[in-house]
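Following is a predicted model, sequence given first.
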Amino acid sequence: MSKISITPADVSIALGRKKLLYDWIRKAIVSEKKMAAGIAIILCSDEYLLDINKKFLSHDYYTDIITFDYTEGKRISGELYISIDRVKENAKQLGVSFPNELHRVMIHGVLHLCGYKDKTRKDREMMRTKEDQKLKMLKL
């Protein structure tokens, strides 16, 4: 069985149904004809993620997720750093629930590990379509 973990770094957050989330992520990856080899999802604050953004990417701005991709072939592996502050703000601005937005950001990072990009308009449209497909697979 592949290792998927969701852990808080510097935030206090209680996530129920972790096994359900792990199973969903695995199912989403398998639907892309790949396999999960090791995915760490780290939940953190804006400041924590800003520090990573500056240190590793030389970017001085807030973001909701940073994905470090260690994938080899069809074996999906990486680290997803997710700012809970940004997810809360995005959920508020988009008029969606916090869990819904958190799940979207999680699967967004997983899709990056599967090889999807979001730099161009066409890529963003494909990413959004894939996010929607994968979110439908999550049965809460």
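Yes, it's here. Numbers count the residues shown, from 1 in each chain.

for this structure, what are the low-confidence residue spans?
Scanning the chain for pLDDT under 70 picks out 1-2, 140.

What segments of it are strands?
4-8, 35-44, 65-69, 75-83 (DSSP state E).

can I get those in TSV with distance to residue 107 and mean neighbour count?
(Glycine included, C-beta is placed from N, CA and C.) Output for these, formatted as TSV (distance: least, CB to CB, whole Å; neighbours: other CB atoms under 10 Å):
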stretch	distance to residue 107	mean neighbour count
strand 4-8	12	16
strand 35-44	11	20
strand 65-69	10	17
strand 75-83	10	21
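
Now render those as TSV, adding distance to residue 137.
Shown next, in TSV, are these (distance: least, CB to CB, whole Å):
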stretch	distance to residue 137
strand 4-8	15
strand 35-44	14
strand 65-69	19
strand 75-83	16
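
And the ones you listed: which comes nearest residue 123?
Among the strands of the chain, the nearest to residue 123 by CB to CB is strand 65-69 (14.4 Å).

and of the strands of the chain, who's closest to residue 24?
strand 4-8 (9.8 Å).

partner strands of the closest one, parallel or antiparallel?
Here strand 4-8 has these sheet partners by DSSP bridges: strand 35-44 (parallel).
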